[in-house]
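J.: need coordinates for the below:
(2 chains)
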2 protein chains.
Amino acid sequence: MLQTERWGLFELSLPGRQDGNPYTDWTIRATFHGPGEDVTVSGFYDGDGLWMVRFMPRFEGVYSWEVSGTFSEQILRGSFLATPPAGVNHGPVQVHNTFHLAYEDGTPHYSVGTTCYAFALQKPDIVERTFRELEKGQFNKLRFCLMPKHYDFCLYDPVVFPYEGTPMDASVLTRQNFGQYNGAAPGNHWNFSRFNPAFFRLYDRAIRRLMDLGIEADLILFHPYDRWGFSQMSMEENLLYLRYAVARYGAFRNVWWALANEYDLMRHLSNEDWDTLGTALQETDPYGHLRSIHNCEVFFDHARSWITHCSLQRTDLHITTESTEDLRRRYGKPVVWDEVGYEGNLPHCWGNLTAEELVRRAWEAILRGGYCGHGETFLSPDNIIWWAHGGTLHGECPPRFAFMGEFLRSVPGCGLKLGHFRDDVHFQWDDYVAVPEEEAFAGSWYFFYYSLWQPSFRQIWIDDDTWFDVDVIDTWNMTITPMGRFRGRFELPLPGRQYIGVRLRRAEQPPLNG
Amino acid sequence: MLQTERWGLFELSLPGRQDGNPYTDWTIRATFHGPGEDVTVSGFYDGDGLWMVRFMPRFEGVYSWEVSGTFSEQILRGSFLATPPAGVNHGPVQVHNTFHLAYEDGTPHYSVGTTCYAFALQKPDIVERTFRELEKGQFNKLRFCLMPKHYDFCLYDPVVFPYEGTPMDASVLTRQNFGQYNGAAPGNHWNFSRFNPAFFRLYDRAIRRLMDLGIEADLILFHPYDRWGFSQMSMEENLLYLRYAVARYGAFRNVWWALANEYDLMRHLSNEDWDTLGTALQETDPYGHLRSIHNCEVFFDHARSWITHCSLQRTDLHITTESTEDLRRRYGKPVVWDEVGYEGNLPHCWGNLTAEELVRRAWEAILRGGYCGHGETFLSPDNIIWWAHGGTLHGECPPRFAFMGEFLRSVPGCGLKLGHFRDDVHFQWDDYVAVPEEEAFAGSWYFFYYSLWQPSFRQIWIDDDTWFDVDVIDTWNMTITPMGRFRGRFELPLPGRQYIGVRLRRAEQPPLNG
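T.: This next block holds a predicted model:
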């Protein structure tokens, strides 16, 4: 019997009709009956007379399946065995305990993402360089666009296009004039009802490679950075595309649906249109993958029920992840900052942060029970910039983001929240402290973070009785220095540098010499 | 004939009654008739049977005077010649063009202040060290308290007290317990109706030395950091003290009245009480010196008519001087940030900024047409900290504040404001640009500041026709690098470091090779 891991990808490729427009004229669906679920999924046309069905089993055991639809005269049936997950396979990521994320097997997912918007559409050697970076394991989420990208520093054509047709001539574009070709520029000829399977197969491979690395694929369906007209399609065309993407990629356990990047720059779409698309996503996806919508200038109303978590771009030059707790309170959902500025030296304000500042913003996010992603925008002679193309990382952030991920995995339970002290203790107004989100760990674990300040010592006082093992954590230099076991009010020497944290872990007994 | 410079200090010391309580029982006032003014001033008792009158002439020429009051049976008369000002004497500083400051002779005053709260009450060798620093000319304003200061790192007794009486025993104080002695602590015995002239004479000398150095004395009358009860006096006692200070120090041209430091921590005084004190200051001071009131957590309503300018402490950990333009608009007065955090390594969040961050905050202020002062709080083995005691500066800020002052003096006219571009030019949302406040210089001068961002180049485009001489200004490394003469839209290479500005000055002709 065929075997697939639980949460693995079960796939059928079947011959069928290719007359007319297979993408719109014929249907294919499959039902799966397994030990804990009955699921109906849509299949999709993959070109050359081949039709595909993909399925992700959520349980172990024998599944039977049946494929039907107008694509074929036949009704096909079969079965497979879902085996125990292995390796990096912990299932899809879901919302956990309101503000956090966890894999379906219960393992916490502490999001440490990065962004390479157009990486999958670069030449193969650049794609390989990207994967060599990702294989280092510093990031567990990659945010990227399905549609090609037209923007400063990213002006040449993708290796393949999503639709049948021909693009405008890219050779006329320069850094000075590219803005004049935004949207549906002259010279493009596309058939928005006929997909190009070769384009989508590229993403099959990319998403699978990410899955095999244990990296979530935060797949952006719509975005405004376009010269081909893909951002200007009708709502009917948008829905055709969205449903094709869901049928094609929904069975990859690592997919997150990012409905849009900078939705608010696609000015011809109203909030109601986005609700329509988001609701379609929710209704079409049989697996309930995470769904988000990312802003430019204005946060979308993340209270909408089709949105599972906040995928945010900062809307202020200075206050970024410091507002994480406010947003948690406002929306009651996990807060993931996907763009708070990138490490780099671009002329654009969002692309020329120091590594120190980006790392600081990330720690400000986790301190408040949120998450913050990485991005990099260094000019390089070959014009390959991580944020757009992937390629090679040049900056100082990645190991520090990995260190932050390690730190998060040491938190008791799943995730942090901002702590509050009893009122009779005088704390500095910069005394931000994180505590475990889960009440079961209350009083046992604290993390103070001093951000851009550089105290040479601090007075710490949780209570009079509890012993704590105290570590000084240098988030920039990536060191954890044990300072000893303390209780009551104590003065802790600190390095007098920026980006220092102090972790307190409850000890069950006094120190040996105490 | 006696001579005094215009805006100099004319002083009379006269014998008189010393029975009863000379500070409350007898009066002394003087009238001055000069070429452009008739002024009545209050004198004050200086102890040992001596009464004093001080006067600042605002015009050149012969003044006659007459002293009267119950302090003496006699009416005394005389005259003096007010001579042209010389050296650093440009007259008192006043509000100029709504948002800026200028000396009475019209010279702009670009405020570059620093703070040494209790410097005048330190041992003489520390006071001398303070003046050695101030003589370097890096600062043109010193902010300090008249009343002694009780606070962390500043716990020993001042060299002298303002009232007759005896203080509590300071030897009981520690860094841990000092907070328990706030306000009118037990063990103090003072007569708040009898001043100690020796205390006030110290300030005569300090203010005069500052005046001779061309440094404004931003004299704080009330503040909450107290263990002696000076912050807890009745309103009648407060007014007696305020009038004594005005009579004594008002004739020093360099005095600014800072009604309070952190007024909102003196919780027994209402806003109406502060209005009473501020109005008394306005009515009592015949010279109309600058008047301000400095906050801790909440800005006072700077729209009050007795307030001449905003003397601000930042009320947010991250957004500080970036709000300067908003505050200019709200209050319609000069915005002077006197506390946005200090360079140092104290445990307190307001006292452990990097030099880079403090300098950045200062440039963010001037970019928006405000001003920002310096402060320093490095722990040192002798427990002498600039912010409290004066002494020796240890940080990296002072030459950079001096560089900023030099830069301001190069601005056409008097002072800057935030510039706005025509709508058809696309600028980055971090494209903050300062332009001269005075309309006469519109279009001739621009200053872009890139703050914490580190672009490796920027596109600049003011208009198509005007030639500009372009300088790259590294506000941290204190360099000004001429880049050449440009017009139209041009791409300017930048160092890819933080804290860079670009200055454009209109050139009347093309470059020689143009």
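
J.: A helix includes residue A:323, no?
T.: Yes: with DSSP: H, G, I helix; E, B strand; the rest coil as the criterion, residue A:323 is part of a helix.

J.: against chain B, how distant is it?
T.: 10 Å (CB to the nearest CB, to the nearest Å). Just so you know, the C-beta spots here come from the backbone N, C-alpha and C atoms, and that holds for glycine as well.

J.: how about residue A:475?
T.: With CB to the nearest CB as the criterion, residue A:475 and chain B are 16 Å apart.

J.: can you pull the phi and psi angles for that residue?
T.: Main-chain torsions, residue A:475, degrees, to the nearest 10: phi -70, psi -20.

J.: can you give me the neighbour number for it?
T.: For residue A:475, the neighbour count with other CB atoms under 10 Å in any protein chain shown is 24.

J.: list the contacts of it.
T.: Residues near residue A:475 by CB atoms under 8 Å, 6 or more residues apart in numbering or on different chains: A:359-360, A:363, A:400, A:403-404, A:449, A:499-501.

J.: now render those residues as a markdown table, adding distance to chain B, secondary structure and neighbour count.
T.: Formatted as a markdown table, those follow (distance: CB to the nearest CB, whole Å; DSSP: H, G, I helix; E, B strand; the rest coil; neighbours: other CB atoms under 10 Å in any protein chain shown):
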| residue | distance to chain B | secondary structure | neighbour count |
| --- | --- | --- | --- |
| A:359 | 13 | helix | 24 |
| A:360 | 10 | helix | 24 |
| A:363 | 14 | helix | 24 |
| A:400 | 17 | helix | 25 |
| A:403 | 22 | helix | 21 |
| A:404 | 20 | helix | 24 |
| A:449 | 12 | strand | 23 |
| A:499 | 11 | coil | 22 |
| A:500 | 10 | strand | 23 |
| A:501 | 15 | strand | 22 |
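
J.: on the secondary structure side, give me the element for residue A:208.
T.: Remark: residue A:208 resides in helix A:197-212, with elements defined by DSSP states H and E.

J.: residue A:442 and residue A:419 touch, don't they?
T.: No: the criterion here is CB atoms under 8 Å, and residue A:442 misses it with residue A:419 at 9.2 Å.

J.: the two - which one has more neighbours?
T.: Ranked by neighbour count (other CB under 10 Å), residue A:442 and residue A:419 place residue A:419 first, with 19 against 10.

J.: stretch A:336-348: end-to-end distance?
T.: 22 Å (CA to CA, to the nearest Å).

J.: so how far is that stretch off the chain centroid?
T.: 15 Å (CA atoms, centre = their mean, to the nearest Å).

J.: and the contacts of residue A:475, which is closest to residue B:120?
T.: residue A:500 (35.8 Å; CB to CB).

J.: any chance of the contacts of residue A:475 in CSV, plus pLDDT and distance to residue B:433?
T.: Formatted as CSV, those follow (pLDDT from 0 to 100; distance: CB to CB, whole Å):
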residue, pLDDT, distance to residue B:433
A:359, 98, 29
A:360, 98, 27
A:363, 98, 32
A:400, 98, 33
A:403, 98, 38
A:404, 98, 36
A:449, 96, 34
A:499, 98, 31
A:500, 98, 36
A:501, 97, 37
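
J.: of all those residues, which comes closest to residue A:236?
T.: The shortest approach to residue A:236 among these belongs to residue A:404, at 43.5 Å (CB to CB).

J.: tell me the contacts of the closest one?
T.: Residues counted as contacts of residue A:404 (CB under 8 Å, 6+ apart) are A:112, A:359, A:362-363, A:366, A:475.

J.: show me which residues of chain A sit near chain B.
T.: A:176, A:179, A:317-319, A:322, A:345-349, A:352-354, A:357, A:379, A:426, A:428-430, A:452-459, A:489, A:496, A:498 (CB under 8 Å from any CB of the partner chain).

J.: try it again with 6 Å
T.: Selection of chain A residues close to chain B by CB under 6 Å from any CB of the partner chain yields A:317-319, A:322, A:345, A:347, A:349, A:352, A:379, A:428, A:430, A:453-458, A:496.

J.: in strands, which of these fall?
T.: Mapping the residues of chain A next to chain B onto strands (DSSP state E) picks out A:457-458.

J.: narrow the residues of chain A next to chain B to just the buried residues.
T.: Neighbour counting by 16 or more other CB atoms under 10 Å in any protein chain shown classes A:317, A:319, A:322, A:345, A:347, A:349, A:352, A:379, A:428, A:430, A:453-456, A:458, A:496 among these as buried.

J.: between the contacts of residue A:475, which is nearest residue B:330?
T.: residue A:360 (30.1 Å).

J.: from residue A:184, how far off is that closest one?
T.: 41 Å (CB to CB, to the nearest Å).

J.: what about chain A, any weak spots by pLDDT?
T.: Filtered on pLDDT under 70, chain A yields the residue ranges A:421-430, A:513-514.

J.: quick one, domains of it?
T.: For chain A, automatic domain parsing gives the domain ranges A:2-83, A:109-169+A:182-409, A:419-506.

J.: next, format the ones you listed as TSV and append distance to residue B:69.
T.: Formatted as TSV, the domains of chain A follow (distance: least, CB to CB, whole Å):
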stretch	distance to residue B:69
domain A:2-83	95
domain A:109-169+A:182-409	56
domain A:419-506	50
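
J.: and the ones you listed: which comes nearest residue A:91?
T.: domain A:2-83 (4.3 Å).

J.: sorry, back to before: need the residues that contact the helix holding residue A:208.
T.: Residues from elsewhere that reach helix A:197-212, judged by CB atoms under 6 Å, 6 or more residues apart in numbering or on different chains: A:46-47, A:120, A:142, A:160, A:162, A:217, A:248, A:252, A:254.

J.: now with 7 Å?
T.: Contact partners of helix A:197-212, identified using CB atoms under 7 Å, 6 or more residues apart in numbering or on different chains, comprise A:46-47, A:120, A:131, A:142, A:146, A:160-162, A:217, A:248-249, A:252-255.

J.: just the residues you listed: which are in helices?
T.: Within the contacts of helix A:197-212, membership in helices is found for A:131, A:248-249, as judged by DSSP state H.

J.: what's the ChimeraX line that selects buried ones from these?
T.: Buried residues among these (16+ other CB under 10 Å), as a ChimeraX selection:
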select /A:248,249
